[in-house]
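Colleague: have a look at this prediction, sequence included:
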Amino acid sequence: MTAEGKKLRIEEPEDYAVGVPGVAVAMRYAMAEMGPVRSARTLLTLNQTTGFDCPSCAWGDPAAGHRKMAEFCENGAKAVAWEATRKRVDRAFFAKHSVEELNQQSDYWLESNGRLTEPMYLAPGATHYAPISWDEAYKKIASKLTSLSDPDRAVFYTSGRASNEAAFAYQLLARRLGTNNMPDCSNMCHESSGAALTETIGIGKGTVTLEDISDHADLIVIVGQNPGTNHPRMLSGLEEAKQRGAKIVAVNPLPEAGLMRFKNPQKPKGVVGGGTKLADRFLQVRLNGDLALFAGVNKELLEREENGQSVLDKGFIEEFSAGFDEAAAAWRALDWAEIETHSGLSRAEIAAFADDVVASKAVTVCWAMGLTQHKNAVPTIREVMNFLLLRGNIGRPGAGPCPVRGHSNVQGDRTMGIWEKMPEEFLDALHKEFSFAPPREHGWDAVNSIRAMREGKVDVFLGLGGNFASATPDTGATWDGLRKCELTAHISTKLNRSHLVHGTEALILPCLGRTERDPNGFVTVEDSMSVVHGSHGKLAPGSPHQRGETDIICRLGLAMFGEDIGWGEMAADYSVVRDHIAAVVPGFSDFNARVAEPGGFTLPRPPHDTREFATASKRANFSINPVTSVVAPEGHLLLQTLRSHDQFNTTVYGLNDRYRGVHHGRRVVLVSEADLSSLGFADGDIVDLVSVWADGERRAPEFRIVKYPTPPGSAAAYFPEANVLVPLDSVADVSNTPASKSVVIRLERQK
Ligand SMILES: Nc1nc2c(c(=O)[nH]1)N[C@H]1C(S)=C(S)[C@@H](COP(=O)(O)OP(=O)(O)OC[C@H]3O[C@@H](n4cnc5c(=O)[nH]c(N)nc54)[C@H](O)[C@@H]3O)O[C@H]1N2
Ligand SMILES: Nc1nc2c(c(=O)[nH]1)N[C@H]1C(S)=C(S)[C@@H](COP(=O)(O)OP(=O)(O)OC[C@H]3O[C@@H](n4cnc5c(=O)[nH]c(N)nc54)[C@H](O)[C@@H]3O)O[C@H]1N2
Ligand SMILES: [Mo]
C-alpha cells in the first residue's frame, strides 16, 4: 500500500456546507501561503468593483453597491492563496531537480512549490530546465511557428482563466498564423451545453441573471452540480431564494452536503444555528439517468394537460416555439418502465417533481458537469430545454437555463473567439478589422488535437494556462501525443505536469496572475451571467521577470510577424486590445468606456431580453431525444470522475474532501453498499480500477473502497487520478466532450 493509502481516514459525510469550518479553513490557507499583509490586500479586494475577479469559479457578483465586505468563499480564498503564495520555483529549483525526477511527483506536490519566476528552456535531450531570456524564448517559438510546413501543424490550447484581452490576442495570433486549431478547456466542460442551447434557443450560453435566482425564481432545479464545493457563492443566492419561499429540487446520484443545507458564514445566525435547508426534494438519479428523468417529467406534464389540467404554456408554445407536436408524439409513445429503469427513479418520484413544477410560476434549471460529460449529454440538455419550454420558462423573470460555468473566464474566452469553429460572421469581422484573411476551415478541439498529436500531425503545442497533460482524458494517449511534438510551450503561473510531459524541446513562460498588478493595464472577464467587468490586480508581481499574459502573446506576435497589425501597441496598452474587441465582437461597442463603470455591463441575451431566438426557425425548438443511458455490463460499475473539496481541477490544494468525509488521501472509489455485497468487496478493500472499452483495458492501481450512499451501479473517483481510465474515443455525441462521468469499470482485487 502507498504511503498515502496508509494515512487515509474515512468519516461520515457531512450534511451541510460552509459555516465556521469553511471560514477557518480559508483563513488557514491564506495565512500559510500569503501571510497577514497579502491576505488582507487580496481577500478584501476580491470580487469588489475596484478589485480583481476571483480566479476560482465563474459564478456572478451581486450588483455594484450590493456587495459584502468579504465577497468570497472558502474555495475562492484557497484559489487566491494558491496563486498569491510567497513560495517560488526559481532557477535553483530547476537546477536541483531533473525533469524525470519532477515527473515522479504528484500534481499536488508540483504546484505546492510556488510560483514560476522566469522563462525556462528545456533543450533537446537535456535533463534539466535552464533559464532563458524572454527575447530568446520568443525567438525560439516564433521561428518554429513561422517555419511550419503547414500552420495546421500547430495547436493553441486555452484554459478558462485567461482574460478577455489575452484570449482575444491569442485567437488573433493563431488565426494570423493561419490555423483554427484552438482546443480549450470548454471542449471538456460545457461544450455540450453550448451545442444543445444553440440548437434550441440560438445562443450558446445561459439566459438567467443572479437576480433571477435570488429574487424571482420560485423553483430552482440543480442538476449534476456540486455547488457547495465548486460554486460556493451560489449558495448565498439559493439561501436568499429559500428565504422568500422558493423551492429547490436537487438531482444528483450523491447526496452532496452543499445541496442539503447551508450555514452562511456571512451571517452570525449561519455560524451558530442549523443553517438554511436547501433541497426540498432530492432526486437520487442513477448516473446518466437524467435524460430519462426529464423525458419522464415532460411526459407527465403532457399527460396532465391532455387529461384536462391546464399545465402547459400554450401561448408560449404557439407564439415562440417550433416542433411541439413531434416532441409530444414521442413523449406519448414513451414507456414508464423504460423511464424508471434508465433514471433509477420511480414514476411516483417523477410525478411528485411534476407537482412542484406545476405549483411554480418561474423555474430556473442550473447544471454543470453531471449533465455535460456523458455520451448523451447534448440530447439530455435538449430535453432539459424541452422541460423549460413546455411552461414558457424562458425570457421572463426567474425562468430559464443556467449552465453554471467552470473557470472564471471560460465564457468570456469563447466570446473572444477561442473556439475551433467560430462562426463566419466573427471571422469576417476579424478580416475587416485586421486586413488579413483568417482561415475558414474548422480546427481541432481537445480530443481531436490529442488524436492528431498521436498521429504525428502536430509539431508545436502552445498552452495559454491550464494543464493539458493532466486535465485531458486517456492520460496514456495524451502523453504519447505531447511527446511526439517538436516544441511544447506553456504560459503558466505554476509548475505542472504539462511542463514535464514535453516535446523534443520545451519552454515555460511565467505569467502574472489575477491577483497581480499588470503594468500594461487591467483586464476584463465575463461571468456565467454574461456580465463583463474589469479585474484590477493589487499585488506587486512576484518576480521582475513575470509578464502579463496579453503582453506575452502580443510580443510573440511581434516576434512572428513584426508590426503588421500593431502587436507592439497592443502589448504595451491593453485598452488598444479592447478597442479591437469593440470593433470585432458583437455587444462590445464602446468597450473601454462601458467597462469603466463599476460592475461593468451585461451582454445582450436575446432569448432573455426579448424572447428572440436566433435559430433557423427563429423560434425556440423542441426536440425529440430518444431515452438512452450507459448501462454497465454484469459485474461492472459506471464510474463518474469528479472534484474533491480541496482541488481546482488539476490543482490540488490539499488531500481532504471534508464534506464527503474523506481525509488525507485521494485514491478512493465510492461504491454503494448493494454493489459491494453483490460484487464481493468490502469497505476498506484496496482495488485496481480497470476500465473496459472497445480498444482494450485501462488501469488505475490501488484505490481504497469507500462505502458510500450512491445508487447501485454508480461509482465515483477523483480526477485527475482517474483520467487514465477515460478512453479517448468515449465522447459525447455532437459536442465531442470526453464522457468522464460515465466510465465503465470493474474493481479488481490487488494480487
Ligand atoms: N473549488 C472548485 N471550484 C471549481 C472547480 C474546482 O475544481 N474546484 N472547477 C471549476 C470547473 S472548471 C467546473 S467545470 C465546475 C465543475 O462543477 P461541478 O460540475 O459541480 O463539478 P464535479 O465535481 O465534476 O461535480 C459533478 C456533480 O455532478 C454529479 N453527477 C455526476 N454524474 C451525474 C449524472 O449523471 N447525473 C446527475 N444528475 N448528476 C451527476 C456529481 O455527483 C457531482 O455532484 O466547477 C468550477 N469550480
Ligand atoms: N476526468 C475528468 N477530467 C476532466 C474533468 C472532469 O470532471 N473529469 N473536468 C474537465 C473540465 S470541466 C475542465 S474545465 C478541464 C480543466 O482543464 P485546465 O483548465 O487545462 O486545467 P486546470 O487544472 O484548471 O489548470 C491548472 C493550471 O493552470 C495554470 N494557471 C493557473 N492560473 C493561471 C493564470 O492566471 N494564467 C495562466 N496562464 N495559467 C494559470 C497553472 O499553471 C495550473 O497548473 O479539465 C477537464 N478534465
Ligand atoms: Mo470546467
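Modeller: Structure's in. What do you need? Ligands and ions are numbered 1, 2, ... in the order given.
Colleague: how near is the closest residue to ligand 3 within the stretch 351-500 of the chain to ligand 1?
Modeller: Nearest residue of the stretch 351-500 of the chain to ligand 3: residue 406, at 2.6 Å (C-beta to the ion). Just so you know, the C-beta spots here come from the backbone N, C-alpha and C atoms, and that holds for glycine as well. Using C-beta to the nearest ligand atom, to the nearest Å, residue 406 is found at 2 Å from ligand 1.
Colleague: hmm, that residue is touching residue 160, no?
Modeller: Yes: using C-beta atoms under 8 Å, residue 406 is in contact with residue 160, at 6.4 Å.
Colleague: common neighbours of those two, please.
Modeller: Common neighbours of residue 406 and residue 160, counting by C-beta atoms under 8 Å, 6 or more residues apart in numbering, are 58, 185, 189.
Colleague: once you drop chain neighbours, what's closest to the last one?
Modeller: Beyond its immediate neighbours in the sequence, the residue positioned closest to residue 189 (C-beta to C-beta, 6 or more residues apart in numbering) is residue 406, lying 5.0 Å away.
Colleague: quick one, phi/psi of that neighbour?
Modeller: Dihedral pair for residue 406: phi -90, psi -90, per degrees, to the nearest 10.
Colleague: ok, how many other residues are close to it?
Modeller: 26 (other C-beta atoms under 10 Å).
Colleague: repeat that for residue 157.
Modeller: Residue 157 - counted by other C-beta under 10 Å - has 26 other residues nearby.
Colleague: got the contact list for it?
Modeller: So residue 157 contacts 182-184, 446, 449, 461-464, 466, 468 (C-beta under 8 Å, 6+ apart).
Colleague: ok, now with 7 Å
Modeller: 183-184, 461-464, 466, 468 (C-beta atoms under 7 Å, 6 or more residues apart in numbering).
Colleague: cool, residue 453 as well?
Modeller: Neighbours of residue 453 in contact, by C-beta under 7 Å, 6+ apart: 481-482, 484-485.
Colleague: repeat that with 8 Å
Modeller: Residue 453 neighbours (C-beta under 8 Å, 6+ apart): 155, 461, 478, 480-482, 484-485.
Colleague: do residue 169 as well
Modeller: Residue 169 makes contact with 550, 553-554, 557, 570, 577, according to C-beta under 8 Å, 6+ apart.
Colleague: now swap in residue 188 and tell me
Modeller: 373, 446, 471-473, 737-738, 740.
Colleague: please, where are all the helices along the stretch 451-600 of the chain?
Modeller: Taking DSSP state H, counting those that start in this stretch, the helices of the stretch 451-600 of the chain run over residues 468-471, 475-483, 549-561, 567-572, 574-584, 591-595.
Colleague: hey, C-alpha coordinates of the shortest one in PDB?
Modeller: Just to be clear, that refers to helix 468-471. Below are the C-alpha coordinates for helix 468-471, written out as PDB (Å, rounded to 0.1, in the frame of the first residue of the first chain):
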ATOM      1  CA  PHE A 468      -3.300  19.800 -20.800                       C
ATOM      2  CA  ALA A 469      -1.300  16.700 -19.700                       C
ATOM      3  CA  SER A 470      -3.400  16.200 -16.600                       C
ATOM      4  CA  ALA A 471      -6.800  17.600 -17.400                       C
END
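Colleague: can you tell me if it touches ligand 2.
Modeller: Yes: Helix 468-471 is in contact with ligand 2 by C-beta under 6 Å from any ligand atom, via 468, 471.
Colleague: what is that helix packed up against?
Modeller: Applying 3 or more C-beta pairs under 8 Å, 6 or more residues apart in numbering; DSSP states H and E, one finds that helix 468-471 contacts helix 475-483.
Colleague: hey, C-alpha coordinates of the helix it packs on in CSV?
Modeller: The C-alpha trace of helix 475-483 is given here as CSV (Å, rounded to 0.1, in the frame of the first residue of the first chain):
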residue,chain,number,x,y,z
THR,A,475,-3.6,10.1,-19.9
GLY,A,476,-1.6,7.5,-21.8
ALA,A,477,-2.8,8.7,-25.2
THR,A,478,-2.3,12.4,-24.3
TRP,A,479,1.2,11.9,-23.1
ASP,A,480,2.2,9.9,-26.2
GLY,A,481,0.8,12.8,-28.2
LEU,A,482,2.6,15.6,-26.3
ARG,A,483,5.9,13.6,-26.6
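Colleague: interface residues of the stretch 301-450 of the chain facing ligand 3?
Modeller: For the stretch 301-450 of the chain, the residues in contact with ligand 3 (C-beta under 5 Å from the ion) are residue 406.
Colleague: tell me the buried residues in the helix or strand containing residue 319?
Modeller: If you go by DSSP states H and E, residue 319 is part of helix 314-320. For helix 314-320, burial by neighbour count (16 or more other C-beta atoms under 10 Å) applies to 316-317, 320.
Colleague: list only those of the contacts of residue 188 flagged as buried.
Modeller: For the contacts of residue 188, buried by 16+ other C-beta under 10 Å: 373, 446, 471-473, 737-738, 740.
Colleague: between those, which is nearest residue 96?
Modeller: The nearest member of these to residue 96, counting by C-beta to C-beta, is residue 471 at 27.1 Å.
Colleague: I figured that closest one hits residue 649, correct?
Modeller: Yes: contact criterion C-beta under 8 Å: residue 471 and residue 649 qualify, at 6.0 Å.
Colleague: joint contacts of these two?
Modeller: Contacts common to residue 471 and residue 649, judged by C-beta under 8 Å, 6+ apart, are 185, 720.
Colleague: SS state for residue 108?
Modeller: helix (DSSP: H, G, I helix; E, B strand; the rest coil).
Colleague: likewise residue 149?
Modeller: Assigned with three-state DSSP, residue 149 falls in the coil class.
Colleague: quick check: residues of this structure near ligand 2?
Modeller: 111, 159-161, 185, 188-189, 369, 373, 406-407, 464-468, 471, 491-494, 496, 511, 513-514, 549, 641-642, 649-651, 719, 722-723, 726, 740.
Colleague: restrict the host helix or strand of residue 689 to CA atoms and write it as CSV.
Modeller: Residue 689 belongs to strand 686-693 when assigned by DSSP H and E. Provided in CSV are the C-alpha atoms of strand 686-693 (Å, rounded to 0.1, in the frame of the first residue of the first chain):
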residue,chain,number,x,y,z
ILE,A,686,-7.7,-1.9,-1.9
VAL,A,687,-8.5,-2.5,-5.6
ASP,A,688,-7.4,-1.5,-9.1
LEU,A,689,-9.9,0.2,-11.2
VAL,A,690,-10.0,-1.3,-14.7
SER,A,691,-11.9,0.4,-17.4
VAL,A,692,-13.2,-1.5,-20.4
TRP,A,693,-13.6,-0.1,-23.9
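Colleague: what's in contact with it?
Modeller: 1, 5, 636, 639, 669, 681, 697-705, 717, 722, 725-727, 729-730, 743-750.
Colleague: just stretch 305-318 next, same as before
Modeller: 301-302, 304, 324, 358, 389-393.
Colleague: can you do 6 Å?
Modeller: 301, 304, 324, 358, 390-392 (C-beta atoms under 6 Å, 6 or more residues apart in numbering).
Colleague: can you pick out the most distant pair from those residues?
Modeller: 324 and 358 (18.1 Å).
Colleague: tell me which of these two has more neighbours.
Modeller: residue 324 (21 against 15).
Colleague: so what's that one up against?
Modeller: Contacts of residue 324 by C-beta under 6 Å, 6+ apart are 317, 622.
Colleague: now residue 161
Modeller: Residue 161 touches 55, 407-408, 465, counting by C-beta under 6 Å, 6+ apart.
Colleague: how close does residue 698 get to residue 744?
Modeller: For residue 698, the distance to residue 744 (C-beta to C-beta, to the nearest Å) stands at 11 Å.
Colleague: what count of nearby residues applies to residue 344?
Modeller: Look at residue 344: counted by other C-beta under 10 Å, it has 22 neighbours.
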